[in-house]
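Enquirer: This is the structure alone, sequence omitted:
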């Protein structure tokens, strides 16, 4: 009798689990198309987000965002520098396939990309699905027509066209003002991080008045890209709390903590406006932190500009209270541009043909992403150290083949056994080396078919 009763209870338990899973999937499929808030920071080191481990930088708002959603531990940026990462993010294609193998700069003689105007952006595709689309903050994909944000799918732009600011308080670059509200040149007072926070908050409050149309807000902060300029009161707090920190590190900690506070203010407006329950918030960065500027990429080797994982591994987290389970984690090794098909799938839209990206929706459901693929990285750069040439990397499973500048030999690492990339196996494992080299050459050929300078120049 006891065994029969136990079997009944066990059966009820299994039924409950099955029903819970069914309701979770049903609620996901039946939910209204979510809003999307993509928060993208600049040169943000993996070790400068305290939810990933012990850090002298405190990021309570990002830590809370991760705790309320899903923390990804193995995501990488599409490039180790700015423009290519952004081009890939907004197109779902590797950056050299959209004409941006290197940084687009304000001076043509030092610009190494031209964003292909024929390729649809994520904003283009979401607009077709009925979304209102906006970018607040840093663009860095062109200074003139046809590559301004409003011409590349964004209904609204309030931010900075250029690559970086010479100062966060003067907002100029090479003496030029690249601040815009749509096509209008504007001037603004205050720290750029605070300005972008206020502008994003204004946008969210406005969208709350129009609940019948979902939105996509791409909030791209310049921080914590150098120059490392935290507000004085934030630096004073860090100096008081941690007087032992070297000046360079103290400046960066204060800068990161000010940025975290700004993100917290945006999330508070999202909550106060009643938008948070059906908004998928994703936080990530364009590449790793800059080691010469005191940024932290622990536990990975290297930093910005490197193809070692310190230059590529980035913080990545997603929160959607209507569906993503709080406190969940994902170890999937993806790339930032995987957000392109992810957002489209959640919006109920079909992705365009020719994507290199893979949807993260299964991962957000707690399932495996079964489709294996190589991860490809490229960067082109000028100056004496690079000579206008490109250098590449490729990851296949646990293996990584990479070059860290155009003039150095290829290196081979087994990431599972050697996550800090200390033991170069290029000379001892010729079979894997040759296989990955052939795959890398195929990627280089594909990218080489796309012009990366503006026609006529």
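Expert: Received the coordinates, thanks. Every value quoted in this text rests on a predicted model; they were computed, and no experiment measured them. Numbers count the residues shown, from 1 in each chain.

Enquirer: Regarding residue 396, what are the backbone dihedral angles?
Expert: Dihedral pair for residue 396: phi -130, psi 110, per degrees, to the nearest 10.

Enquirer: Was I right to think it contacts residue 374?
Expert: Yes: using CB atoms under 8 Å, residue 396 is in contact with residue 374, at 5.0 Å. In this view, the C-beta of every residue, glycine as well, is placed from N, C-alpha and C.

Enquirer: Could you name every residue contacting both of the two?
Expert: residue 439 (CB atoms under 8 Å, 6 or more residues apart in numbering).

Enquirer: Can you tell me what sits against the helix or strand hosting residue 432?
Expert: Using DSSP states H and E, residue 432 maps to helix 430-448. The set of residues external to helix 430-448 that reach it, using CB under 8 Å, 6+ apart, is 94, 96-97, 101, 374, 376, 378, 390, 392, 394, 396, 399, 401, 410, 412, 425-426.

Enquirer: backbone phi and psi for residue 179, please?
Expert: Per degrees, to the nearest 10, the backbone of residue 179 is at phi -70, psi 130.

Enquirer: Find the nearest non-adjacent residue to it, please.
Expert: residue 186 (5.0 Å; CB to CB, 6 or more residues apart in numbering).

Enquirer: quick revisit: just the buried positions in the helix holding residue 432, please.
Expert: For helix 430-448, burial by neighbour count (16 or more other CB atoms under 10 Å) applies to 432, 433, 436, 440, 443, 444, 447.

Enquirer: All the strands of the stretch 51-200 of the chain, residue numbers only.
Expert: Using DSSP state E, counting those that start in this stretch, the strands of the stretch 51-200 of the chain run over residues 70-72, 132-138, 156-160, 172-173, 176-177, 179-181, 184-185.

Enquirer: any chance of these in CSV, plus mean pLDDT, distance to residue 61 and mean neighbour count?
Expert: Formatted as CSV, the strands of the stretch 51-200 of the chain follow (pLDDT from 0 to 100; distance: least, CB to CB, whole Å; neighbours: other CB atoms under 10 Å):
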stretch, mean pLDDT, distance to residue 61, mean neighbour count
strand 70-72, 98, 14, 23
strand 132-138, 98, 17, 25
strand 156-160, 98, 21, 24
strand 172-173, 96, 28, 18
strand 176-177, 96, 30, 14
strand 179-181, 98, 26, 17
strand 184-185, 97, 31, 10
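
Enquirer: between those, which gets nearest to residue 201?
Expert: Among the strands of the stretch 51-200 of the chain, the nearest to residue 201 by CB to CB is strand 132-138 (9.3 Å).

Enquirer: Listing partners with orientation, what would you give for the closest one?
Expert: Each strand paired with strand 132-138, and its direction, by DSSP bridges: strand 156-160 (parallel), strand 215-220 (parallel).

Enquirer: With distance to residue 176 added, can I get those in a markdown table?
Expert: Shown next, in a markdown table, are those (distance: least, CB to CB, whole Å):
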| stretch | distance to residue 176 |
| --- | --- |
| strand 156-160 | 11 |
| strand 215-220 | 19 |
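
Enquirer: among those strands, which is nearest residue 247?
Expert: If we rank these by CB to CB, the stretch that ends up nearest is strand 156-160, at 27.3 Å.

Enquirer: where's the closest one relative to the chain centroid, distance-wise?
Expert: 18 Å (CA atoms, centre = their mean, to the nearest Å).

Enquirer: can you list the weak-confidence ranges in the stretch 1-150 of the chain?
Expert: 1-31 (pLDDT under 70).

Enquirer: what about the nearest residue to residue 208 once chain neighbours are set aside, neighbour count?
Expert: Nearest in space to residue 208, with sequence neighbours left out and distances taken as CB to CB, 6+ apart, is residue 273 at 3.8 Å. Residue 273 has 17 neighbours, counted by other CB atoms under 10 Å.

Enquirer: Wait, residue 273 touches residue 206, no?
Expert: No: contact criterion CB under 8 Å: residue 273 and residue 206 do not qualify, at 9.4 Å.

Enquirer: Straight-line length of stretch 184-203, end to end?
Expert: 17 Å (CA to CA, to the nearest Å).

Enquirer: Which positions in that stretch come out as buried?
Expert: Applying 16+ other CB under 10 Å to stretch 184-203 flags 188, 191-201, 203 as buried.

Enquirer: What helix or strand is residue 267 located in?
Expert: Short version, using DSSP H and E: residue 267 is in helix 247-272.

Enquirer: same for that helix, what does it pack against?
Expert: strand 35-41, helix 60-67, helix 192-208, helix 232-241, strand 279-285 (3 or more CB pairs under 8 Å, 6 or more residues apart in numbering; DSSP states H and E).

Enquirer: Give me the residues contacting the fourth one.
Expert: Defining contact as CB under 8 Å, 6+ apart, one finds that helix 232-241 is touched by 230, 245, 250, 251, 253, 254, 255, 257, 258, 261.

Enquirer: at 7 Å what do you get?
Expert: 245, 250, 251, 253, 254, 257, 258 (CB atoms under 7 Å, 6 or more residues apart in numbering).
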